[in-house]
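K.L.:
what shape does this take:
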Amino acid sequence: MLRVLIIDEIVVSCEKTLSALNKTFECFIPKTGIQALVAANEFKPDIILLDINSPDIDGFETCKKLTTLECGKKPIVVFISATDDIKTKIKAYDAGGHDFIATPFSTEELIKKLKRIGELIEERNDLQNSVEDTQSLAMTSMKQASHYGYIMNFFKNLYHSSSVDEVAVLFFDAMKYWDLHASLVIRLDKLHYYESATVPSVSPIERKIFVALSEAGRLYEFGQRMIINDKHASFLVKNMPTDQAFAGEVRDIVAAIIEGLEAKVIDLKRQNGLDLVTKELTLTIDNVKQGVTTHNQLISSVITDMIGAVSSSFHSLELTEAQEAFFHELFEQSGQKIMTVEDVLLDIQEQLSLLSNQVALIIEDTKDVVVTTATSSTELELF
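P.N.:
Residues are numbered from 1 along each chain as shown. Predicted coordinates for the structure are as follows:
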C-alpha cells in the first residue's frame with residue numbers, strides 16, 4: 001500500500017477526503033512542517049501532499065528540505081494551493097515539486113491522481129530494480145570472467161612447473177588471490193606437506209586430518225573448514241566463506257584447482273619415471289660397452305694364444321702339410337665366427353644408444369619451462 005504524508009489543512013479538515021484517502025492509502029498527518037521533516041525520515045512516504053501555505057514553515061522551503069533528506073527513497077511531492085497562477089506553479093516546480101493541484105478539487109480526482117502517481121512510482125521502482133539486477137548480473141559475469149581468467153593462468157603456469165615446490169608456489173598464490181588460508185599435501189615419491197609456499201611442513205593435527213579424511217570424498221566440509229581430495233594431492237581450506245553465494249563459488253574454484261594439481265602430480269610422476277629410465281638405460285649402455293670391450297680383449301687374447309700355441313707345436317705333432325693347413329683354416333674360421341658375435345654385440349650397443357637418445361629427446365621436448373606466476377587475471381586476454 002502506498003504511503004501518503006499529508007501536510008495540508010484543507011485535506012485534513014475535509015472528513016470525506018481524508019476518509020477516502022485512509023481507505024486507499026496508508027496516511028500519516030504531522031501537525032507542523034517541522035514535524036513533517038521528521039516524519040519523512042521515519043514514515044518514508046511514497047507521496048507527500050504539501051500545502052504551500054503551511055503555518056510554521058513555507059511550503060516551498062519545506063519541499064526543498066524534503067528533497068535533501070536521506071530517507072532511502074525520494075517521495076513524489078504534490079503541491080496543493082488555492083493560488084493557481086503560472087508564477088506559483090513554476091515556483092512550486094523549482095522548489096522540487098512533481099505535481100500541482102489547485103483548490104477546490106474533487107475527492108475522486110485526488111484519489112485518481114494519487115493512484116496514477118502510485119502506478120508511476122511502481123513502474124519507476126520496477127525499472128530501478130531491473131537496472132540494479134542488470135548491473136548485478138554484469139558485475140557477477142565480470143567477476144566470474146575474472147575467476148575464469150585466473151584459473152586459466154593457473155593451469156597454464158601449472159603445466160610449465162617442473163617440481164613439487166613450484167607447484168606449491170602456484171597453489172598458495174591462488175589461495176592468496178581468493179583470500180583463502182590453506183595447507184597442502186602432495187603424494188609423489190613421498191608425502192610433501194606445505195603450510196605455505198616457504199614452509200614445507202604442517203602441524204601434527206593437520207597431518208592427522210589429511211590421513212583421516214583422505215577417503216572422505218572429493219569435497220568434505222566440517223565447520224568452517226573443507227578438505228579437497230584426490231589420489232595424489234589434497235588441501236585443507238581453513239576459512240570457508242560464511243556467505244553462501246561466495247562459498248558456492250569457492251567450491252567450484254577448489255574443485256577445478258584439485259583437478260589441475262592431480263594432473264600435474266601425475267605428470268611429474270611420469271617425468272620422474274622417464275628420468276629414472278633414462279639414467280638406468282644410460283648406465284646399461286655404459287655397462288654393455290664396457291662388457292663388449294672386455295669381451296673383445298679376452299677373445300682376442302685367447303685366439304692369439306691358441307694360434308701361437310698350435311703353430312709352435314706343429315713340428316712336434318708330426319702333422320702333414322694338409323693337416324697343418326686344415327687346422328690353420330679351422331682357427332681362422334672360428335675367429336671369424338667369434339668376430340661375428342662381436343658385431344652382434346656392437347649392434348645391440350648401437351641400438352641401446354639410439355633408444356637412449358630417443359628417450360632423451362622425448363624428455364627434452366616435454367620438459368617444462370618455468371614461467372612467472374600470474375598475479376592478475378588480466379594477464380590472460382579473455383575477449
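
K.L.:
look up phi and psi at residue 202.
P.N.:
Dihedral pair for residue 202: phi -140, psi 170, per degrees, to the nearest 10.

K.L.:
quick check: the gap between it and residue 182.
P.N.:
10 Å (CB to CB, to the nearest Å). For glycine as for every other residue, the C-beta is placed from the backbone atoms N, C-alpha and C.

K.L.:
ok, the two, which is more surrounded?
P.N.:
Per other CB atoms under 10 Å, whichever of residue 202 and residue 182 has more neighbours is residue 182, with 24 against 19.

K.L.:
host element of residue 294?
P.N.:
helix 244-312 (DSSP states H and E).

K.L.:
who does that helix touch, helix- and strand-wise?
P.N.:
helix 107-160, helix 164-177, strand 182-187, strand 219-222, strand 225-229, strand 233-237, helix 321-366 (3 or more CB pairs under 8 Å, 6 or more residues apart in numbering; DSSP states H and E).

K.L.:
lowest confidence element among the helices and strands of this structure?
P.N.:
helix 314-317 (a mean of 64; mean pLDDT, DSSP states H and E).

K.L.:
so residue 78, which of the three states?
P.N.:
strand (DSSP: H, G, I helix; E, B strand; the rest coil).

K.L.:
list the contacts for it?
P.N.:
Residue 78 makes contacts with 47, 48, 49, 50, 97, 98, 99, 100, 101, 113, 114, 117, as judged by CB atoms under 8 Å, 6 or more residues apart in numbering.

K.L.:
so which of these are in strands?
P.N.:
Among the contacts of residue 78, the residues falling in strands (DSSP state E) are 47, 48, 49, 50, 99, 100, 101.

K.L.:
PyMOL command for the buried members of those residues?
P.N.:
Burial among those is assessed by 16 or more other CB atoms under 10 Å; the matching PyMOL selection reads:
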select buried, resi 47+48+49+50+99+100+101
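
K.L.:
and which of the ones in strands among the contacts of residue 78 is nearest residue 226?
P.N.:
residue 47 (50.9 Å; CB to CB).

K.L.:
so the closest one sits against residue 79, correct?
P.N.:
No: here residue 47 lies out of contact with residue 79, judged by CB atoms under 8 Å, at a distance of 11.8 Å.

K.L.:
which residues do these two both contact?
P.N.:
Common neighbours of residue 47 and residue 79 (CB under 8 Å, 6+ apart) do not exist.

K.L.:
and the ones in strands among the contacts of residue 78, which is the shakiest by pLDDT?
P.N.:
Lowest-confidence member of the ones in strands among the contacts of residue 78: residue 50, scoring 85 (pLDDT).

K.L.:
the closest residue in space to that residue that isn't next to it in sequence: neighbouring residues, count only.
P.N.:
Using CB to CB, 6 or more residues apart in numbering and skipping the chain neighbours, the partner closest in space to residue 50 is residue 7 (5.0 Å). Here the number of neighbours of residue 7 (other CB under 10 Å) works out to 29.

K.L.:
quick one, phi psi at residue 7?
P.N.:
According to degrees, to the nearest 10, residue 7 has phi -120, psi 70.

K.L.:
cool, and the one 10 residues further on?
P.N.:
Backbone geometry at residue 17, expressed as degrees, to the nearest 10, gives phi -70, psi -40.

K.L.:
the closest residue to it other than its chain neighbours and residue 19, how far apart?
P.N.:
Once flanking residues are discounted, residue 17 sits nearest to residue 107: 4.6 Å by CB to CB, 6+ apart. As judged by CB to CB, residue 107 and residue 19 stand 9 Å apart.

K.L.:
which residues sit against stretch 195-214?
P.N.:
165, 168-169, 171-173, 183, 185, 192-194, 220, 227, 229, 234, 236.

K.L.:
now stretch 97-116: buried residues?
P.N.:
Buried residues in stretch 97-116 (16+ other CB under 10 Å): 97, 98, 99, 100, 101, 110, 111, 114.

K.L.:
just the closest of those to residue 177, please.
P.N.:
Each of the buried residues of stretch 97-116 was scored against residue 177 by CB to CB, and residue 98 proved nearest at 48.6 Å.

K.L.:
what sits against that closest one?
P.N.:
Residue 98 neighbours (CB under 8 Å, 6+ apart): 76, 77, 78, 117.

K.L.:
separation between the second one and residue 30?
P.N.:
Read it as residue 77. Taking CB to CB, one finds residue 77 at 14 Å from residue 30.

K.L.:
looking at these two, which one has more neighbours?
P.N.:
Per other CB under 10 Å, whichever of residue 77 and residue 30 has more neighbours is residue 77, with 25 against 17.

K.L.:
contacts only, for that one.
P.N.:
47, 48, 50, 63, 66, 67, 96, 97, 98, 99.

K.L.:
residue ranges with poor pLDDT in the stretch 1-150 of the chain?
P.N.:
10-14, 32-33, 54-56, 69-72 (pLDDT under 70).

K.L.:
can you do 90?
P.N.:
For the stretch 1-150 of the chain, the stretches flagged by pLDDT under 90 are 1-24, 27-46, 48-75, 80-85, 88, 95-96, 101-110, 121-150.

K.L.:
likewise for the stretch 151-300 of the chain?
P.N.:
For the stretch 151-300 of the chain, the ranges with pLDDT under 90 are 159, 162, 188-189, 197-200, 243-246, 249, 269-300.

K.L.:
what about residue 262, neighbour count?
P.N.:
Residue 262: 17 neighbours (other CB under 10 Å).

K.L.:
wait, isn't it in contact with residue 233?
P.N.:
Yes: between residue 262 and residue 233 a contact is recorded at 5.5 Å, counting by CB under 8 Å.
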